Each structure stands twice: as structure tokens, then as C-alpha cells.
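In: Here's a sequence, model it:
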Amino acid sequence: MITENLPMTCPVCGEKSGNPPLLTRDGNSLRCPKNHCFDISSKGYVNLLLSQHKNVKDPGDSKEMVAARRLFLDSGAYSGETEFLSERTVSEDAAARKTRISRGRSDILMLMSDGVADDYFPAQPMMKRLLLDLRLNGILPMPGDTSGCREPAPMEFPAVTPEQQPVAVQYSKQLLKDGEDAVNELWDSRDTLAPWSLEAWGKSLGGTPELRLQNWLDNYSERGSFDDRTLVVMKFDGE
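Out: Model prediction:
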């Protein structure tokens, strides 16, 4: 999946140089300064394997192979791999070992499937980045003034719909500075991030928080994210 946060170098220039230039987005292609061009598929992927490195006439997966893989994954063959805490086969002791109890006042509760949790792993400090992403994309309220915007701009990719209209999503990872404690440092400035929000850029994922959450789950891009995504956000008002 193409993402501006994952820089890629030109493989053609890399054949001749130990320091190949970066590829930059040019419409539906990636292009280097020497005009070597690689088309981006409708699914957001690009093939950087050079033809002279292909050892077969038709390398990669054929349409039949892709269809067969999808048919198998949708067949439920892996459906028995997960044991839920509510199942009778799970003992009370096993459930207790997987349960943590926390006491204290909270104003937001987030329940996530493994798909979302994997994208924001480990939980500390990445749950902070998740909350910042929810604020930046209008799912949770964003404090501060959104009348002006600041770079970097939200990323835009084709939507996961037949129309494939571009959908803008903002990522707190774009705002991270270098360093091991970058997430915590950004978290400490969380009430000043309004100029980077979708609203500040005049963009929106929908008319209600529920719709914005649904569209965000469908369209945000994280490297290695292939699981189903489920996220429930409950915000408590008052006592």
C-alpha cells in the first residue's frame, strides 16, 4: 500500500547508483527525478520489480491465484483459530489471566478488535496516537481553533468503494518528531493540534461522529494492516 510515510527509492536508478533518488507521487504514479515511472494500481499498490529480475514470463500472482486466495480466506477455514473469553471451552482461570481490571475516572472508553490494536501496537504509548488520530479526523472533539490549517496536509487515497473517490485522512504519525519518546511528546501537546485536523483543512469523513468513525475504519492506511477493523468509542458526559 502506497503511503507518503514510507519513502521508496527508484529501482532503475538503484541499478546504477548506491544512492538512488526517492520516488514521489505524481497523480496515479510514482516518479523519480529522471522520469522513471511506476503506475499505482486501483487498490493502492505499485510493483517496483524490474522486468530483467523476473525469472518467469508472468511473475507474481495471476488473477486466478488472487481469486482462489480470496475464496479460501472467505471460506471460514481460519474461523476456529480464535477462542473468545465467553466460550465454554475457556476456563475461568484462563479468562482471569487475560483480564485486567482498572479503577479510576474515565471520560472515554475504546473497545478494539485485534485489527485496530495491531495497527497501534504496543498499547503504550500507541493508544495515545490512536486517540490523537480520532481527534484529528473529527471522530472525537478536537479542542482549539480550526480556522487555519498547517502542513503536513492530510493524506488522500481512493476510497474502498466502487467509485473510488479520494478520501482524506489525517495521521498523527505525520506530526511526530524524531526520537524514542516522540509519541509522548506529541501527546503532551495534544490540545494544540487543531490546525492539522481535517476540519482545519476543510475536509470531513462524514456528517456525524458515527459516520466519520465508519469511514475512517474503512480508509485509514497502516503498513501491514490486513485484519478486520472494529472500534467502539464511548464518551461519557457529566458524572
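In: Would you mind measuring from the residue nearest to residue 107 when sequence neighbours are not counted to residue 108?
Out: Counting by CB to CB, 6 or more residues apart in numbering, the nearest residue to residue 107 once its immediate chain neighbours are dropped is residue 236, at 5.3 Å. No exception for glycine: its C-beta is placed from N, CA and C like everyone else's. Applying CB to CB, to the nearest Å, the value for residue 236 to residue 108 is 7 Å.
In: Name the residues of stretch 120-136 that are buried.
Out: Across stretch 120-136, burial judged by 16 or more other CB atoms under 10 Å covers 120, 127-136.
In: re the thing from before, so what's the residue nearest to residue 107 up against?
Out: 106-109 (CB atoms under 8 Å, 6 or more residues apart in numbering).
In: Going by distance to residue 167, which of these wins?
Out: Distance to residue 167, by CB to CB, is smallest for residue 108 among the contacts of residue 236, at 24.5 Å.
In: Show the contacting residues for the closest one.
Out: By CB under 8 Å, 6+ apart, the neighbours of residue 108 are 131, 140, 233-236.
In: So which of those belong to helices?
Out: The helices, defined by DSSP state H, take in residue 131 from the contacts of residue 108.
In: I'd like the list of the contacts of residue 108 that fall within strands, please.
Out: Per DSSP state E, strands hold the following members of the contacts of residue 108: 233-235.
In: Could you report the pLDDT at the closest residue to residue 174 other than its chain neighbours?
Out: Nearest residue to residue 174 in three dimensions, chain neighbours excluded: residue 152, at 4.6 Å (CB to CB, 6+ apart). As predicted, residue 152 sits at a pLDDT of 93.
In: now residue 112
Out: 65.
In: Could you double-check that residue 195 lies in contact with residue 146?
Out: Yes: applying CB atoms under 8 Å as the test, residue 195 and residue 146 come out as touching, 7.3 Å apart.
In: And for residue 210, the neighbour number?
Out: Residues within reach of residue 210, counting by other CB atoms under 10 Å, total 11.
In: Quickly note the distance from it to residue 216.
Out: 11 Å.
In: just residue 128 next, same as before
Out: In terms of CB to CB, residue 128 sits 17 Å off from residue 216.
In: How about residue 173?
Out: Distance from residue 173 to residue 216, by CB to CB: 14 Å.
In: Neighbour count: the two, which is higher?
Out: residue 216 (23 against 16).
In: give me every residue that touches the more buried one.
Out: Contacts of residue 216 (CB under 8 Å, 6+ apart): 133-134, 137, 139, 169, 205.
In: can you do 10 Å?
Out: 133-134, 136-139, 167, 169-170, 198, 205-206, 229, 231 (CB atoms under 10 Å, 6 or more residues apart in numbering).
In: State the phi and psi torsions of residue 24.
Out: phi -120, psi 150 (degrees, to the nearest 10).
In: Pretty sure it sits against residue 32.
Out: Yes: between residue 24 and residue 32 there is a contact under CB atoms under 10 Å: 7.6 Å.
In: wait, doesn't residue 138 sit right on residue 210?
Out: No: counting by CB under 10 Å, residue 138 does not reach residue 210; the two are 11.3 Å apart.
In: distance of residue 66 from residue 21?
Out: Distance of residue 66 to residue 21, given as CB to CB: 32 Å.
In: Looking only at neighbour counts, state which of these two leads.
Out: Legend: neighbour count by other CB under 10 Å for residue 66 and residue 21, higher for residue 21 (14 against 11).
In: check contacts around that one.
Out: Per CB under 10 Å, 6+ apart, neighbours of residue 21: 9-10, 13-14, 32-34, 36.
In: ok, so of the residues you listed, who is nearest residue 100?
Out: residue 9 (43.3 Å).
In: That closest one contacts residue 34, correct?
Out: No: between residue 9 and residue 34 there is no contact under CB under 10 Å: 11.9 Å.
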